[in-house]
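Participant: One predicted model, sequence on top.
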There are 2 protein chains.
Amino acid sequence: MSKHLKKRSEDYSKWYNELVVKADLAENSAVRGCMVIKPYGFAIWEKMQAELDRMFKETGHQNAYFPLFVPKSLFEAEEKNAEGFAKECAVVTHYRLQNDPENPGKLRVDPEAKLEEELVVRPTSEAIIWNTYKGWIQSYRDLPLLINQWANVVRWEMRTRLFLRTAEFLWQEGHTAHTTKSEAIAEAKQMQEVYATFAEEFMAMPVIKGYKSDSERFAGAEDTFTIEALMQDGKALQAGTSHFLGQNFAKAFDVKFTSKEGKQEHVWATSWGVSTRLIGGLIMTHSDDSGLVLPPKLAPIQVVIVPIYKGEEQLTAISERVAVIVKALRKRGISVKFDDRDTFRPGAKFAEYELKGVPVRIAFGGRDLENNTVEVARRDTFEKQTISQDNVVDFVSNLLEEIQESLFNKASDYRKEHTTEVNDFKEFKKVIKNKGGFVSAHWDGTEETEDKIKEYTKATIRCIPNDAKQEAGVCVFSGKPSTKRVLFAKAY
Amino acid sequence: MSKHLKKRSEDYSKWYNELVVKADLAENSAVRGCMVIKPYGFAIWEKMQAELDRMFKETGHQNAYFPLFVPKSLFEAEEKNAEGFAKECAVVTHYRLQNDPENPGKLRVDPEAKLEEELVVRPTSEAIIWNTYKGWIQSYRDLPLLINQWANVVRWEMRTRLFLRTAEFLWQEGHTAHTTKSEAIAEAKQMQEVYATFAEEFMAMPVIKGYKSDSERFAGAEDTFTIEALMQDGKALQAGTSHFLGQNFAKAFDVKFTSKEGKQEHVWATSWGVSTRLIGGLIMTHSDDSGLVLPPKLAPIQVVIVPIYKGEEQLTAISERVAVIVKALRKRGISVKFDDRDTFRPGAKFAEYELKGVPVRIAFGGRDLENNTVEVARRDTFEKQTISQDNVVDFVSNLLEEIQESLFNKASDYRKEHTTEVNDFKEFKKVIKNKGGFVSAHWDGTEETEDKIKEYTKATIRCIPNDAKQEAGVCVFSGKPSTKRVLFAKAY
């Protein structure tokens, strides 16, 4: 495999696939559509998990764990949800293998070990969780119930891509129960805010907050709130969703509570999730033709120090000075790696850390010993500066903040340049085809129009923005009256 | 359901089952043998995970994630391992459901959506991981490969019990690859040490370190190192195992490396794991007839403060003083809950926290306002003391340490009293039957003898202790010569 990546301008999709593998983030496995998340990729996921988990707990949620399997009879209890996932679910039918009499040394399914009821591998856990909540909720005193689960789920997708769409993926799924409709809606909106804050402050990925049209809504939800990001190729990525489920699951699983007034009522529900797909979004928001670019807040290694030396003696002298810098940086909570491997030359190390997106690289050479300096290079802009060793800790600390901010601003500028208001369908098609990005247009509110627009352009309604202002207009496709602009884009 | 637990002396097994449910740790689900881990139980698991994960990383391991499914052809590649798990594995055979024409509103497996090759839900991940490692290991420079995974696994056990033996459970599984046999053995032993340290220092659960006899060894391993704990009912619990896998998986999956000398060699492997079963061990080591007893280092809430007041005004005055104590305790890294709910009386709160095993309870009453005191009660001994508010932080901080140590000592004393050296089989049977615990006895080293002893007494060889001294003797059953005592016990 060549060391160089395909250029984004030549083949964005190939660039992405190569980058994920070459930067040691993930790879395809022996199981169709399932990925192996490699240690470097998993370290990014761990950083994401830690921040999200903290945010969930700060908003009053607790973690729990529910079974991987959903008995078929529970799976089908909420009809729309069942219909939405039936076409892509892995099903366990047997619980034993036996020696295959026709193929010595091989195993086969034991026909005697057929399950009485098939088990669906969870594509999402509403069914098993609401069946459980039935036993947990009796009174208004048991509410709200605010629970999150970190888990693997399986959706048997036909076309898969590492991180973006895989048969098995890791995610978190929040499932909450409330006494009133308004409280449940407030919860769903709160979690949309939490996701938006995480995306913007940690991933440095600007997002549009909005809600989905009927056809794009989660199966079984009354309202789906979403955060939508824009990738460098002009395609949108749905980065997280939060659903107001109404009383659909409470009714399907007969979950009622006794209110303060002594009345029996069905509870109101939400669910919300983000997944390892976020890593795909992170990559496609910031990375470049040289490899990964990581925002400092999620980089497993924030600073790498590479010694450039002639002979053992010089290495020892450099190492002593580096140890002081490493210690001081760590004291500030900055993660640092000193790469003194003697099996690779400095140039090879530079290339490796560029590919892996380490935000700041410090080179420490023989002359730096004399001059009390180091060379500090930032990954995102490739800018280099020579800095006194006395100031390096402050300098790097500030630089990391500056990089975090600069990545967000760059992505915001890109999105601004790639968000176009259009008022007729010819223009709509031209923008989607040539420029890409978000197209803000009037829509008549019908599914027919959505379908037609998708058929002609492959663009879908990503969301109706939360902050869309009332504005009299006509649908870009049908010419019928409309009161709001919605956001269209081709999407992952 | 009654508030009181079954007494341990009346029915230990029932006591355990009731405690797990009443203390809100876990419950059975709609899926046979699979449990729901409730928030309070999961909070204990999160504490365990955090400490273990830190210890794994300190010993050089990185986390990664491998697929849930193992294609049948990979599963069967290492014969002994396949044979060991074939009888209890869940198998996915289809990837879609469809509307059932015979039952409107119901779904059935779509016969068209049969997988070409069945997928085994991982009972353990050696097969899928070693198939992956083949692509990662070329040279000695790629070794050692030190990887851990936090995951769910499924073993279709016929008899299940919450935490102790469930069809699905959560665990971590380390999988490492090395250039030499001795390095792999050292790794497997190191992880046994890590597990022992965790069990003793955090769980306050003393363990015996040893290795397994041939018949008790992990399927596919050359050597299984184990930590064995003793529960309050005199039964042993295998709490963690670390396996030296030799070159078995490397050969089954053809994983070779080029040595420094340029030779092609198969790598040497280990795997090691602990699971949510540890929570069962934690419960059965320390808890009593009043409920859970938790060691402070793993308690989700270390200190609970309950106000005892008459009227709003007094509550306000108490709350102000409590806020100062809470802040000071948190500053010391102690987790504190102030339970000022007005829907429960103090007595009901006391009972709840006793049941849930909160190590320290502070009661703050009206008289304490005047006297500048609080009442501090420890959960393990029920001892109470009145303390000046000026000293409460130091006092509680020391008390938590004392409780942690005291729980370990109590469990160690119990084990000492329940470890019996025996030299003839009549005595062996008597001890196993009447007293329980570990029986230290000579064994002739044959599987036949092990089987016979198990048949007569239900006791198995838990391990050959690492520190067993050479000692000439005769097998307690066969009378044949033996050089070491081994530990027998009935086990979970």
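Facilitator: On my side now, so go ahead.
Participant: start to end distance for stretch A:171-191?
Facilitator: Stretch A:171-191 has an end-to-end distance of 15 Å (Cα to Cα, to the nearest Å).
Participant: out of everything not next to it in sequence, what's closest to A:P71?
Facilitator: A:E117 (5.3 Å; Cβ to Cβ, 6 or more residues apart in numbering or on different chains). Using the backbone N, CA and C atoms, a C-beta is placed for each residue, glycine as well.
Participant: Burial check on that neighbour, number of neighbours?
Facilitator: Using other Cβ atoms under 10 Å in any protein chain shown, A:E117 has 12 other residues around it.
Participant: same question, A:G41
Facilitator: For A:G41, using other Cβ under 10 Å, the count is 25.
Participant: And what about the residue nearest the centre of chain A, helix, strand or coil?
Facilitator: With distances taken as Cα atoms, centre = their mean, the residue of chain A nearest its centroid is A:L278 (1.5 Å). Three-state secondary structure (criterion: DSSP: H, G, I helix; E, B strand; the rest coil) places A:L278 in helix.
Participant: Check whether it really touches A:M48, as I assumed.
Facilitator: Yes - between A:L278 and A:M48 there is a contact at 6.2 Å, judged by Cβ atoms under 8 Å.
Participant: Overlap of the contact sets of these two?
Facilitator: Among the neighbours of A:L278, those also in contact with A:M48 (Cβ atoms under 8 Å, 6 or more residues apart in numbering or on different chains) are A:M203.
Participant: in chain A, what spans have low per-residue confidence?
Facilitator: A:1-3 (pLDDT under 70).
Participant: Report the residue ranges of every domain in it.
Facilitator: A:12-66+A:146-286, A:299-403, A:419-489 (automatic domain parsing).
Participant: Any idea which of the ones you listed gets closest to chain B?
Facilitator: domain A:12-66+A:146-286 (3.8 Å; Cβ to the nearest Cβ).
Participant: Can you get me the start-to-end distance on the closest one?
Facilitator: Rule used - Cα to Cα; the end-to-end distance of domain A:12-66+A:146-286 is 13 Å.
Participant: Equivalent analysis for stretch A:415-431, please.
Facilitator: Span of stretch A:415-431 from end to end, Cα to Cα: 14 Å.
Participant: Give the buried residues for that stretch.
Facilitator: A:415, A:418, A:420, A:422, A:425, A:428-429, A:431 (16 or more other Cβ atoms under 10 Å in any protein chain shown).
Participant: Please narrow those residues to those residing in strands.
Facilitator: Those of the buried residues of stretch A:415-431 mapping onto strands are A:T420, per DSSP state E.
Participant: Distance to A:L294 added to the buried residues of stretch A:415-431, as JSON lines?
Facilitator: What follows is those, written out as JSON lines (distance: Cβ to Cβ, whole Å):
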{"residue": "A:R415", "distance to A:L294": "19"}
{"residue": "A:H418", "distance to A:L294": "22"}
{"residue": "A:T420", "distance to A:L294": "29"}
{"residue": "A:V422", "distance to A:L294": "35"}
{"residue": "A:F425", "distance to A:L294": "40"}
{"residue": "A:F428", "distance to A:L294": "35"}
{"residue": "A:K429", "distance to A:L294": "36"}
{"residue": "A:V431", "distance to A:L294": "31"}
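Participant: Of the buried residues of stretch A:415-431, which pair is most distant in space?
Facilitator: Greatest spatial distance in those: A:R415 and A:F425, 23.1 Å, computed using Cβ to Cβ.
Participant: what's the helix or strand for the residue nearest to A:P71?
Facilitator: Secondary structure from DSSP states H and E places A:E117 in strand A:114-121.
Participant: Now tell me what touches that strand from outside.
Facilitator: By Cβ under 8 Å, 6+ apart, the residues outside strand A:114-121 that reach it are A:68-73, A:75, A:89-95, A:153-154, B:31, B:68, B:90, B:92, B:97, B:109, B:121.
Participant: Sheet partners, orientation included, of that strand?
Facilitator: Strand pairing for strand A:114-121, using DSSP bridges, gives strand A:69-71 (antiparallel), strand A:91-94 (antiparallel).
Participant: Out of those strands, which is the most enclosed?
Facilitator: Counting by mean count of other Cβ atoms under 10 Å in any protein chain shown, strand A:69-71 has the highest mean neighbour count of these, with a mean of 27.
Participant: How about residues contacting it?
Facilitator: Strand A:69-71 is touched from outside by A:92, A:117-122, A:125, A:127-128, B:30-31, B:34, B:90, B:168, with contacts defined as Cβ under 8 Å, 6+ apart.
Participant: again, only this time at 7 Å
Facilitator: Around strand A:69-71, the neighbours that count as contacts under Cβ atoms under 7 Å, 6 or more residues apart in numbering or on different chains are A:92, A:117, A:119-122, A:127-128, B:30-31, B:34.
Participant: That strand: what's the following helix or strand?
Facilitator: Going down the chain from strand A:69-71, the next helix or strand is helix A:72-75, by DSSP H and E.
Participant: Distance from stretch A:91-98 to the middle of the chain?
Facilitator: Centroid separation between stretch A:91-98 and its chain, computed with Cα atoms, centre = their mean, to the nearest Å, is 33 Å.
Participant: what's in contact with that stretch?
Facilitator: By Cβ under 7 Å, 6+ apart, the list of residues contacting stretch A:91-98 reads A:69, A:107-110, A:113-115, A:118-121, B:86-94, B:97, B:109, B:121, B:156.
Participant: Specify the beta-bridge partners of A:S482.
Facilitator: With DSSP bridges as the rule, A:S482 is bridged to A:G473.
Participant: what residues are up against it?
Facilitator: A:442-444, A:473-475.
Participant: same deal with A:R330?
Facilitator: Contacts of A:R330 (Cβ under 7 Å, 6+ apart): A:V336.
Participant: And it, how close does it get to B:S406?
Facilitator: For A:R330, the distance to B:S406 equals 36 Å [Cβ to Cβ, to the nearest Å].
Participant: how about the strands in the stretch 1-150 of chain A?
Facilitator: Along the stretch 1-150 of chain A, counting by DSSP state E, counting those that start in this stretch, strands occupy A:26-28, A:35-37, A:62-63, A:69-71, A:91-94, A:97-99, A:107-109, A:114-121, A:145-154.
Participant: can you tell if the longest one touches chain B?
Facilitator: Yes - on the criterion Cβ under 7 Å from any Cβ of the partner chain, strand A:145-154 is in touch with chain B at A:147, A:152, A:154.
Participant: May I ask you to confirm that the first one is in contact with A:A64?
Facilitator: It stands for A:I147. Yes - between A:I147 and A:A64 there is a contact at 5.1 Å, judged by Cβ atoms under 7 Å.
Participant: which residues are in contact with both of these two?
Facilitator: Counting by Cβ under 7 Å, 6+ apart, the contacts common to A:I147 and A:A64 are B:P39.
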